[in-house]
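> Return atomic coordinates for the entry below.
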Amino acid sequence: MSGFIAKQPNGLYCRFSTAVDCPTHINMTKEDYLNNVTGTVSSREEGGEVLKNYLFPFEEIVERFVPNNMTESAFEEVIQKVNDSEQTEYEVI
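Alright, predicted model coming up:
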């Protein structure tokens with residue numbers, strides 16, 4: 001597994017890369033993910049399957065984060081952003 005999708009506290013989605021041990025995309029809507037903004041799914045159907053059957057809880061991101069490729073302060077900023085219910089546009093970290 002090179003990464004996984006998790007549901008954020010604000011109801012949007014994020015991608016965590018197990019290659020770099022940090023989030024790579026945050027604040028994605030379902031449509032953002034299905035439209036393959038992460039470049040990690042081959043079709044909308046595959047994306048739908050991931051969201052339906054392989055969605056991780058956000059706590060998994062907090063547990064797996066390692067400050068090798070992202071500083072702890074940058075990760076704390078990400079945590080604040082994914083808790084903000086006013087965020088509407090996805091970000092590539």
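> Now do the contacts for the spatially most central residue of the chain.
Taking Cα atoms, centre = their mean, the centroid of the chain lies closest to residue 14, which sits 1.6 Å from it. Listed by Cβ atoms under 8 Å, 6 or more residues apart in numbering, the contact partners of residue 14 are 5, 6, 8, 23, 25, 26, 27, 28, 58, 61, 82. Every residue, glycine included, has its C-beta placed from N, CA and C.
> Sort out for me which of the residues you listed are in strands.
If you go by DSSP state E, the contacts of residue 14 have 5, 6, 23, 25, 26, 27, 28 in strands.
> quick one: stretch 18-30 to chain centroid distance?
Chain-centre distance of stretch 18-30: 3 Å, with Cα atoms, centre = their mean, to the nearest Å.
> just to revisit the earlier point, between the contacts of residue 14, which has the most around it?
residue 23 (26 neighbours; other Cβ atoms under 10 Å).
> In which helix or strand does the residue of the chain positioned farthest from its centre reside?
For the chain, the largest distance from the centre (Cα atoms, centre = their mean) belongs to residue 45, which lies 18.5 Å off. Assigned by DSSP states H and E, residue 45 belongs to helix 44-53.
> okay, that helix in PDB with CA atoms only?
Extracted in PDB, the C-alpha atoms of helix 44-53 (Å, rounded to 0.1, in the frame of the first residue of the first chain):
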ATOM      1  CA  ARG A  44     -14.200   6.800 -11.000                       C
ATOM      2  CA  GLU A  45     -15.400   3.300 -10.300                       C
ATOM      3  CA  GLU A  46     -12.100   2.400  -8.600                       C
ATOM      4  CA  GLY A  47     -12.300   5.700  -6.600                       C
ATOM      5  CA  GLY A  48     -15.900   4.900  -5.600                       C
ATOM      6  CA  GLU A  49     -14.800   1.400  -4.400                       C
ATOM      7  CA  VAL A  50     -12.000   2.900  -2.300                       C
ATOM      8  CA  LEU A  51     -14.400   5.400  -0.700                       C
ATOM      9  CA  LYS A  52     -17.000   2.700  -0.100                       C
ATOM     10  CA  ASN A  53     -14.800  -0.100   1.200                       C
END
